[in-house]
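1. here's a sequence, model it:
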Amino acid sequence: MILQATVALPVLVAALLAATGRWLPRLAVDTAALATAAAVSALTALTLARAPHHPQVTWLGGWGPATGVGIPLAADPLAAALACTAAALTLAALAFSWRYFTEIQAIFHALILLFLASMCAFVYTGDLFDAFVFFELMSVVAFALTGYRSEEPSTVHGALNFGIVQSLGAYLTLAGIALVYGRTGQLGLAAIGESLAAGGGDRGRPGALVTAAFVLICTGYLVKAAAVPFHFWLADAHAVAPTPVCVLFSGIMVELGVYGVARTYWAVFAGLVPLRAVAVLGAAAALLGAVMCVLQHHIKRLLAYSTISHAGLLLVGVAAGTPGALAGTAYYLAGHAGVKGALFLAAGALLNRHQSVDARELRGRGRGMPVTGAAFLVGALCLAGLPPSGLFAGHSVTEHAALERGWWWFTPLSIAASAVTAGAVLRVWLVVWRGRPLPSDPGEPDARDGSAEQDEPAGQSEREGPETPVTLSSIPWVMLAPAIALLAGGLLTGLVPGGPVAGAAEVFADRGAYAGLVLDGRLTHPHGPPAEPWTAPGLAGAAVTLLLAAAVAALLVTTWSVQTAPTRMIRLVVLTLLVTAGLVKLL
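-> Coordinates of the predicted model:
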């Protein structure tokens with residue numbers, strides 16, 4: 001009943017708020033939404049605690065696996081952890097919204113709760129078609145949340161861009177599901193995996209139909225994961241969506257696209273199709289996102305491109321195809337969710353206080369917000385792999401697993417992408433909270449003259465429209481506490497023992513273990529070695545990344561203008577790749 005309640009509770013409360021919210025006082029709406037998110041967080045935490053020791057699987061409607069038509073909800077440890085992460089981020093976003101929005105309709109809370117329900121259902125479902133349904137429900141709600149401020153033309157543009165791209169990906173995914181159903185006559189992930197494994201493909205090879213089905217299904221997930229070349233919707237959506245919504249988009253929705261690829265591969269197609277193309281797309285996203293990140297002055301766009309880069313690293317970890325790399329990816333995903341959520345909440349505090357998220361306009365104006373500045377600084381350092389953050393643990397474990405697989409290039413890739421994105425975020429902290437000037441481009445006003453606000457050339461303004469008509473003279477703790485809590489979670493994730501994480505990854509990557517859980521209610525106890533992030537190479541890599549991030553930030557506030565940054569950044573990324581690759585070869 002726990003799994004059903006996790007999905008049903010937010011749906012019921014969302015329907016209630018949508019129907020009666022216009023007559024309820026604001027306090028009642030906020031309280032109901034927060035209480036629901038807190039209850040779902042508790043349910044997912046309980047599921048996570050029980051998953052390693054008790055089978056967490058239920059069949060909806062009383063239909064069992066013997067009928068061939070049942071829809072299972074199953075929670076292995078990694079799926080349970082991801083659902084818990086989604087619930088925690090939703091709770092933080094709603095808590096931040098309490099004081100952030102002075103005027104908000106109950107439909108906003110209803111949409112957020114429906115988004116939470118669809119995320120948990122997508123993570124838990126063991127049926128391929130229902131995964132598509134819940135994934136598309138998530139997309140529809142995300143489209144509505146992106147265009148929530150529909151009175152602004154830029155919001156409509158960003159929402160339409162998001163909706164069209166997501167819809168195209170959905171059509172391709174549905175076509176892939178049709179191919180799988182035509183081949184196997186099954187829709188359950190476990191049943192499809194067993195059928196394809198027993199068939200062995202065409203003459204012992206995967207076959208064109210199986211490969212095409214995998215490509216089509218994963219295309220929709222890769223769109224959500226913002227992998228190159230499907231990435232261009234993400235920055236526009238983040239720029240116009242309300243800040244609490246951005247917490248969910250960057251913190252968990254993009255990661256669910258990565259999860260969809262991983263679950264589909266290991267439950268259904270493991271050993272039947274290669275993942276090399278996913279690795280290429282992930283590497284391209286990591287590099288492109290990093291380069292685009294340093295070109296931004298709009299803080300929300302900057303953080304969005306950082307998400308593209310880090311999602312690319314997550315995809316490469318999944319594509320490595322080993323339980324060790326998957327364990328590192330799990331560390332990285334949890335750490336990134338907390339840190340990126342905290343950074344977006346800090347950006348929201350700036351937007352509320354100063355009605356802008358343009359770093360040039362905000363130069364030195366963050367000095368009156370020391371707690372927000374400290375959170376932003378620590379978040380930037382965590383993006384560079386500051387121990388003991390989950391990003392540090394993820395880098396260390398995944399790089400070790402990639403080297404064992406012979407992917408020596410992953411280490412320089414991860415160091416370069418992390419250093420550049422962290423350096424771009426550090427530049428924002430130096431400018432906004434330390435008052436460091438930015439170099440000027442030809443034809444722009446000199447940013448070194450000490451003025452806090454500059455007139456911009458026509459057509460180049462990145463001013464964000466206010467998300468709330470009333471600004472707060474000081475940021476209340478009810479807005480600061482969610483950011484601090486998320487940051488603490490991301491920072492402490494690396495202290496989670498490697499044994500449970502490695503065991504959860506081994507079970508996730510075992511198609512037989514997943515089939516046993518779903519079809520027979522049987523748990524598999526892993527016996528592999530623990531994932532150990534606290535190694536000398538891992539600590540050395542973190543130190544190199546932190547130093548490079550500081551160097552990038554220093555360069556960006558001294559000599560690099562927007563026009564010269566692309567060429568110089570590409571050179572820096574290539575140089576970092578070559579130097580790190582040489583060090584890896586020597587070691």
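
2. so what touches stretch 212-225?
-> Applying Cβ atoms under 8 Å, 6 or more residues apart in numbering, the external contacts of stretch 212-225 come out as 128, 132, 135, 139, 165-166, 168-170, 172-173, 175-177, 179-180, 183, 230, 233, 253-258, 260-261, 264-265, 268-269, 272-273, 277-278, 281, 311, 314-315. Yep, even glycine has a C-beta here, placed from its N, CA and C like the rest.

3. and the buried ones among those, selectable in ChimeraX?
-> Burial among the contacts of stretch 212-225 is assessed by 16 or more other Cβ atoms under 10 Å; the matching ChimeraX selection reads:
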select :128,132,135,139,165,166,169,170,172,173,176,177,179,180,183,230,233,253,254,255,256,257,258,260,261,264,265,268,269,272,273,278,281,311,314,315
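
4. go through the contacts of stretch 212-225 and flag which are in helices.
-> Among the contacts of stretch 212-225, the members falling in helices (DSSP state H) are 128, 132, 135, 139, 165-166, 168-170, 172-173, 175-177, 179-180, 183, 233, 254-258, 260-261, 264, 277-278, 281, 311, 314-315.

5. ok, Ala550 touching Leu426?
-> Yes. Contact criterion Cβ atoms under 8 Å: Ala550 and Leu426 qualify, at 6.9 Å.

6. more neighbours: those two, which one.
-> The neighbour comparison of Ala550 against Leu426 (other Cβ atoms under 10 Å) goes to Leu426, with 26 against 17.

7. so how far is the helix or strand hosting that one from its chain's centroid?
-> Leu426 is located in helix 410-432, with elements delineated by DSSP states H and E. The chain centre lies 17 Å from the centre of helix 410-432; the measure is Cα atoms, centre = their mean, to the nearest Å.

8. what packs against that helix?
-> Counting contacts by 3 or more Cβ pairs under 8 Å, 6 or more residues apart in numbering; DSSP states H and E, helix 410-432 is packed against helix 276-293, helix 299-319, helix 370-383, helix 390-405, helix 536-556, helix 565-586.

9. mean confidence score for that helix?
-> The average pLDDT within helix 410-432 is 94.

10. after that helix, which helix or strand is next?
-> Following helix 410-432 in sequence, per DSSP H and E, is helix 477-492.

11. got the angle for that following helix vs helix 370-383?
-> Taking axes from the mean of the first three to the mean of the last three Cα atoms, to 10 degrees, one finds helix 477-492 and helix 370-383 inclined to each other by 20 degrees.

12. helices and strands around the helix or strand that helix 477-492 is followed by, which ones?
-> As assigned by DSSP H and E, the chain's next helix or strand after helix 477-492 is helix 498-508. With contacts defined as 3+ Cβ pairs under 8 Å, 6+ apart, the packing partners of helix 498-508 are helix 77-100, helix 323-354, helix 511-515.

13. please redo it, this time with the cut-off set to 10 Å
-> Under the contact criterion of 3 or more Cβ pairs under 10 Å, 6 or more residues apart in numbering; DSSP states H and E, helix 498-508 touches helix 77-100, helix 254-264, helix 323-354, helix 390-405, helix 511-515.

14. export the ones you listed as JSON lines, with columns for mean pLDDT and distance to Thr524.
-> Shown next, in JSON lines, are the helices and strands packed on helix 498-508 (pLDDT from 0 to 100; distance: least, Cβ to Cβ, whole Å):
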{"stretch": "helix 77-100", "mean pLDDT": "95", "distance to Thr524": "11"}
{"stretch": "helix 254-264", "mean pLDDT": "95", "distance to Thr524": "16"}
{"stretch": "helix 323-354", "mean pLDDT": "94", "distance to Thr524": "12"}
{"stretch": "helix 390-405", "mean pLDDT": "95", "distance to Thr524": "20"}
{"stretch": "helix 511-515", "mean pLDDT": "91", "distance to Thr524": "4"}
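
15. distance to Leu111 added to those, as CSV?
-> Formatted as CSV, these follow (distance: least, Cβ to Cβ, whole Å):
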stretch, distance to Leu111
helix 77-100, 11
helix 254-264, 17
helix 323-354, 18
helix 390-405, 28
helix 511-515, 32
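
16. buried set for stretch 524-532?
-> Quick answer for stretch 524-532 (16+ other Cβ under 10 Å): 524, 526, 531-532.

17. how far off centre is it?
-> How far stretch 524-532 lies from its chain's middle: 26 Å, per Cα atoms, centre = their mean.

18. now swap in stretch 105-119 and tell me
-> 18 Å.

19. state the mean pLDDT of it.
-> 94.

20. any idea how far the residue lying closest to Thr535 once chain neighbours are set aside is from Lys224?
-> Nearest residue to Thr535 in three dimensions, chain neighbours excluded: Ser396, at 6.0 Å (Cβ to Cβ, 6 or more residues apart in numbering). Going from Ser396 to Lys224 by Cβ to Cβ, to the nearest Å gives 27 Å.

21. what do you get for Gly335?
-> Gly335 sits at a distance of 20 Å from Lys224 (criterion: Cβ to Cβ).

22. tell me how many other residues crowd Ala198.
-> So Ala198, with other Cβ under 10 Å, has 8 neighbours.

23. list the buried residues for the helix or strand hosting it?
-> Element membership for Ala198 (DSSP H and E) is helix 189-199. By neighbour count on 16+ other Cβ under 10 Å, the buried set for helix 189-199 is 189-197.
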